[in-house]
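K.L.:
Provide a 3D model corresponding to the input given below.
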Amino acid sequence: MVNISSFAVATALSLATNVDAFSGHRSFTKSSSTMRHMSAYPTTADDILWTPSIKTGERDELLGPMTKYCEDLYQVTRRKTRTVTCGPIKFGSDHPIVRQTMATTDTANVDASIEQIMRCADKGFDLVRITVQGKREANAAAKIREGLFKKGYNIPLCADMHFQPVVAQLVADAVEKIRINPGNFADGRKDFEEKVYESELEYIKDREYLAEAFIPLVQKCKELNRCMRIGTNHGSLSSRVLSYYGDTPRGMVESAIEFADICRSQDFHNFVFSMKASNPLVMVQSYRLLASEMYRMDWDYPLHLGVTEAGEGEDGRMKSAVGIGTLLADGLGDTVRVSLTEDPEFEYEPCNRLSTMAESRLAATNPEAAARQSAVKKYVDTRDITTYARRVGSLPSKKDEEKVDVGLFLNPNGSVLSAVDPKMLSEGSAPYLYKELGFKTAVGMPFKDIATSDSIFMRNLPAVDDTNARTGLRRMMEVGTGVIVPSEELEKNKLDNAVALMSLTDAVKTNGKLPEGAIRLAIEIDGDEDESDIAKVKDLDPIMTFININDSLSQLHATRRVFEIFKANDINVPAIHHYKTSASDTTEIALELGTKIGSLLTDGNGDGILIEQDGDTKFSVEFLRNLGFSLLQGCRMRNTKTEFVSCPSCGRTLFDLQETTANIQEATGHLPGVTVAVMGCIVNGPGEMADADFGYVGTLPGKVDLYYGKEVVRKSIPNEEAVDALVELIKEYGMWKEKEEAEEIEEAVAA
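P.N.:
Just a heads-up that it's a prediction; the model follows:
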């Protein structure tokens with residue numbers, strides 16, 4: 001017989017008699033009118049009204065299926081949330097997106113922490129998080145708070161808590177917000193042992209120690225009107241959740257819901273959720289899944305967005321934009337943190353820009369955005385946000401009569417196309433262009449490498465009598481590089497073995513008739529075509545399509561419509577996102593690309609990218625090519641370099657993270673397909689390096705542990721020896737290759 005507490009019986013009776021146990025949506029909503037009439041709130045797990053099980057099907061049975069994850073699939077509308085208060089700032093849909101960061105100083109160094117937090121506030125941040133490892137840091141947090149007030153700074157502070165429930169209660173006296181990680185707040189046992197739960201009852205039995213550890217903090221936060229973040233991380237799920245749900249978005253969501261149930265049992269609702277992961281696809285799916293669950297349970301808690309351990313430079317900004325930008329594009333997200341392996345002040349620009357981009361797309365406050373979204377022709381969005389499945393276009397095959405191999409014009413894992421101007425092929429310039437496009441050369445002849453542009457796009461061709469330029473094009477085509485040229489240009493300026501690009505309208509009119517010399521067709525779609533015309537792509541049989549959305553339409557929604565029509569008509573032609581930009585700095589273009597194209601690739605829609613500049617600032621072909629490959633790698637499509645998962649540093653970090661990361665990148669950055677995690681402390685490793693092949697983790701001051709997967713294989717290595725030891729470890733597991741000596745351009749020119 002199952003024992004049921006008197007509190008649970010009372011709650012069940014209230015439901016049966018239509019008296020709300022949690023006023024609002026059936027049995028699960030925002031506050032408890034029944035509880036307010038009881039002498040005390042629940043004190044044990046048996047007394048808590050837990051969200052019905054997802055595994056047994058009880059949740060679906062009681063609440064029905066999940067039906068949506070955002071307010072509107074066809075217009076950007078911010079998800080409606082309650083207001084959560086954090087000192088002088090407010091989170092929620094009625095307020096601006098909150099920009100936040102995390103201090104990298106040792107929290108115990110009060111003066112240094114105050115100075116850095118002041119710099120962050122001056123930069124524009126609304127909130128700063130600090131790490132609190134123990135009582136020493138909790139006491140320091142109180143001094144930091146007092147010191148900031150004395151200097152006229154009321155910026156709220158958030159204490160980042162791991163493993164220390166008692167210390168969390170202490171620091172709640174000093175700061176406005178507490179971040180807890182459900183994976184290690186009460187259950188930090190990262191032993192990765194496989195457990196087998198024979199029943200749901202066995203799994204929920206362990207909730208007792210969760211409630212025992214967490215309820216006192218919830219009560220303290222409620223008493224002091226503190227804010228809380230229930231911050232689940234993909235890489236640090238508890239061994240209990242890992243064993244029952246696996247290393248999955250569903251496990252992340254269920255872990256957070258358990259802690260929210262405890263908060264709600266105490267009638268405490270001043271909290272936000274986060275679902276962070278270093279993998280943007282996992283991050284996006286987890287947030288969408290949580291939002292969908294909240295819709296069906298009638299919960300309205302705000303969302304804190306972030307891609308954890310994003311890294312540095314354009315790659316870190318790109319990865320953050322892919323994850324954060326995708327969610328903001330659907331109206332999800334109320335506060336943003338961009339986690340970079342850089343000083344926190346440098347996080348403000350990308351954090352602020354992603355927020356302003358999101359605010360500019362809201363239909364309710366931006367008439368121009370609303371007009372573009374409304375202008376998209378009607379379609380039915382059938383995406384399944386509970387899973388990820390990439391639409392993979394069918395690559396072309398070489399025909400017997402063709403002199404070049406069109407099968408090499410695209411890559412099955414995602415393609416990067418480069419826009420090339422004829423002057424780049426002028427006399428003596430070809431070797432430089434080969435380098436910009438990522439070719440290797442042997443005796444002056446180009447051949448493709450792992451990160452060479454798959455094809456090139458030329459709006460204009462060099463003259464027919466320009467022998468040097470034409471020879472350069474022919475040599476690239478002979479090694480499998482497609483040359484795509486507008487059909488009208490080929491009519492005037494013939495190029496053998498070219499791919500002719502036509503608008504869909506023209507292709508339908510001419511039935512795809514090719515200009516003389518062209519061997520294949522590519523079709524450009526602007527998103528304003530009728531469904532019947534887009535369906536004709538199948539019969540026209542192009543080698544690829546360019547998705548180049550009309551400026552009068554919402555790029556996100558018009559592109560989703562195109563892919564829905566492709567799916568409905570079984571059109572498997574590769575689709576290349578043709579992105580035009582006038583961005584004038586590297587951060588802006590990385591954020592644009594990650595947000596606008598990444599939001600489509602995270603749904604599995606797209607086979608590659610072509611970046612074309614139409615502004616005054618001109619980036620090099622090489623920079624744009626590398627940016628394209630960074631996008632594909634960030635969207636988990638095509639790996640062309642070592643993947644680095646590096647934490648952004650904080651007060652727990654046990655070595656100079658920026659310098660160490662740079663040294664590791666220099667030593668191992670030439671290993672495509674290999675993922676290396678660089679973690680400043682044991683909190684972020686091994687958990688946060690869930691996707692990594694190798695881990696470099698600070699454990700003691702001056703000492704590093706090395707991991708292979710989730711297993712420690714080298715312990716307590718001195719910092720000065722650790723990078724070399726990492727290289728030897730990679731060699732030991734057969735994943736090392738020597739760096740190739742770069743071929744000098746002068747040699748190519750001479751050849």
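
K.L.:
and residue 147, what helix or strand is that in?
P.N.:
Secondary structure from DSSP states H and E places residue 147 in helix 135-150.

K.L.:
same deal with residue 524?
P.N.:
strand 520-525.

K.L.:
Could you pull out the buried residues of whichever helix or strand comes after the helix holding residue 147?
P.N.:
Downstream of helix 135-150, the first helix or strand assigned by DSSP H and E is strand 157-161. Using 16 or more other C-beta atoms under 10 Å as the test for burial, strand 157-161 gives 157, 158, 159, 160, 161. The way it works is simple: take the backbone N, C-alpha and C, and place the C-beta from them, glycine included.

K.L.:
Work out the gap between the helix or strand just after strand 157-161 and the centre of the chain.
P.N.:
Going down the chain from strand 157-161, the next helix or strand is helix 165-171, by DSSP H and E. From the chain centre to the centre of helix 165-171 is a distance of 31 Å (C-alpha atoms, centre = their mean, to the nearest Å).

K.L.:
From the contact counts, what lies against the helix or strand just after helix 165-171?
P.N.:
Downstream of helix 165-171, the next assigned helix or strand under DSSP H and E is strand 177-180. Packing partners of strand 177-180 (3 or more C-beta pairs under 8 Å, 6 or more residues apart in numbering; DSSP states H and E): strand 127-131, strand 157-161, helix 165-171, helix 207-224, strand 227-233.

K.L.:
circling back: quick one: mean pLDDT over the strand holding residue 524.
P.N.:
Taken as a whole, strand 520-525 has a mean pLDDT of 98.

K.L.:
Any buried residues in the next helix or strand after that strand, and which?
P.N.:
Remark: after strand 520-525, the chain's next helix or strand is helix 531-535, criterion DSSP H and E. For helix 531-535, the neighbour count (16+ other C-beta under 10 Å) marks 534, 535 as buried.

K.L.:
Next, residue 611: phi, psi?
P.N.:
With angles defined as degrees, to the nearest 10, residue 611 sits at phi -100, psi 120.

K.L.:
how close does the residue of the chain positioned farthest from its centre get to residue 423?
P.N.:
Distance from the C-alpha centroid of the chain peaks at residue 465, with 48.4 Å (C-alpha atoms, centre = their mean). For residue 465, the distance to residue 423 equals 16 Å [C-beta to C-beta, to the nearest Å].

K.L.:
just residue 276 next, same as before
P.N.:
46 Å.

K.L.:
So for these two, which sits in the more crowded spot?
P.N.:
residue 276 (26 against 11; other C-beta atoms under 10 Å).

K.L.:
could you list every residue that touches that one?
P.N.:
Applying C-beta atoms under 8 Å, 6 or more residues apart in numbering to residue 276 gives the contacts 231, 232, 233, 234, 283, 306, 307, 308.

K.L.:
Of those residues, which one scores lowest on pLDDT?
P.N.:
Lowest pLDDT among the contacts of residue 276: residue 308, 82.

K.L.:
Tell me how many other residues crowd residue 324.
P.N.:
Residue 324: 33 neighbours (other C-beta under 10 Å).

K.L.:
one step back: can you list the buried residues of strand 157-161 in CSV and add distance to residue 68 and pLDDT?
P.N.:
Shown next, in CSV, are the buried residues of strand 157-161 (distance: C-beta to C-beta, whole Å; pLDDT from 0 to 100):
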residue, distance to residue 68, pLDDT
157, 35, 98
158, 30, 97
159, 34, 95
160, 32, 91
161, 33, 90
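
K.L.:
now, among those, which is nearest to residue 294?
P.N.:
residue 158 (21.8 Å; C-beta to C-beta).

K.L.:
In this structure the closest one contacts residue 172, no?
P.N.:
No: between residue 158 and residue 172 there is no contact under C-beta atoms under 8 Å: 11.1 Å.

K.L.:
any shared contact partners between those two?
P.N.:
Jointly contacting residue 158 and residue 172 under the rule C-beta under 8 Å, 6+ apart are residue 178.

K.L.:
Okay, now the unreliable bits of the stretch 201-350 of the chain?
P.N.:
310, 312 (pLDDT under 70).

K.L.:
Tell me where it has strands.
P.N.:
Applying DSSP state E, counting those that start in this stretch to the stretch 201-350 of the chain gives strands spanning 227-233, 271-276, 304-305, 335-336.

K.L.:
How far away from the center of its chain is the second one?
P.N.:
What separates the centre of strand 271-276 from the centre of its chain is 15 Å, taken as C-alpha atoms, centre = their mean.

K.L.:
Spit out the contact partners of the residue farthest from the centre of the chain.
P.N.:
Residue 465 neighbours (C-beta under 8 Å, 6+ apart): none.

K.L.:
And for residue 151?
P.N.:
114, 118.

K.L.:
Backbone dihedrals for it, please?
P.N.:
Residue 151 adopts backbone torsions of phi -90, psi 10, taken as degrees, to the nearest 10.

K.L.:
Equivalent analysis for residue 57, please.
P.N.:
phi 90, psi 0.

K.L.:
Do you know the pLDDT at it?
P.N.:
93.

K.L.:
what's the answer for residue 724, then?
P.N.:
At residue 724, pLDDT is 88.

K.L.:
For it, which non-adjacent residue is spatially closest?
P.N.:
Residue nearest to residue 724 in three dimensions, not counting chain neighbours: residue 667, with 8.0 Å by C-beta to C-beta, 6 or more residues apart in numbering.

K.L.:
Please, which helix or strand holds the closest residue to residue 58 other than its chain neighbours?
P.N.:
Among residues not flanking residue 58 along the chain, residue 52 sits closest, at 4.1 Å (C-beta to C-beta, 6+ apart). According to DSSP H and E, residue 52 maps onto no helix or strand at all.

K.L.:
try residue 677
P.N.:
Using DSSP H and E, residue 677 sits within strand 675-679.

K.L.:
List the pairing partners of that strand within its sheet, with orientation.
P.N.:
strand 643-646 (parallel), strand 694-700 (parallel) (DSSP bridges).

K.L.:
would TSV of those strands with mean pLDDT, mean neighbour count and distance to residue 514 be doable?
P.N.:
Converted to TSV, the strands paired with strand 675-679 look like this (pLDDT from 0 to 100; neighbours: other C-beta atoms under 10 Å; distance: least, C-beta to C-beta, whole Å):
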stretch	mean pLDDT	mean neighbour count	distance to residue 514
strand 643-646	73	26	41
strand 694-700	80	23	50
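
K.L.:
all helices for the stretch 551-700 of the chain, in order.
P.N.:
555-568, 586-596, 598-601, 621-634, 657-668 (DSSP state H, counting those that start in this stretch).

K.L.:
Which one of those lies nearest to residue 439?
P.N.:
helix 621-634 (10.7 Å).

K.L.:
what's the distance between that closest one and the middle of its chain?
P.N.:
That offset, for helix 621-634, works out to 16 Å (C-alpha atoms, centre = their mean).

K.L.:
now swap in stretch 627-645 and tell me
P.N.:
Taking mean C-alpha positions (C-alpha atoms, centre = their mean), stretch 627-645 and its chain are 12 Å apart.

K.L.:
list the contacts for residue 344?
P.N.:
101, 102, 103, 104, 116, 120, 125, 128, 648.

K.L.:
The first one bridge partners, please.
P.N.:
For residue 101, the residues forming beta bridges with it (DSSP bridges) are residue 128.

K.L.:
my guess is it meets residue 350, correct?
P.N.:
No: contact status for residue 101 versus residue 350: not in contact, 10.8 Å apart, counting by C-beta under 8 Å.

K.L.:
Where does the prediction get shaky in the stretch 501-650 of the chain?
P.N.:
In the stretch 501-650 of the chain (pLDDT under 70), the answer is 646-650.
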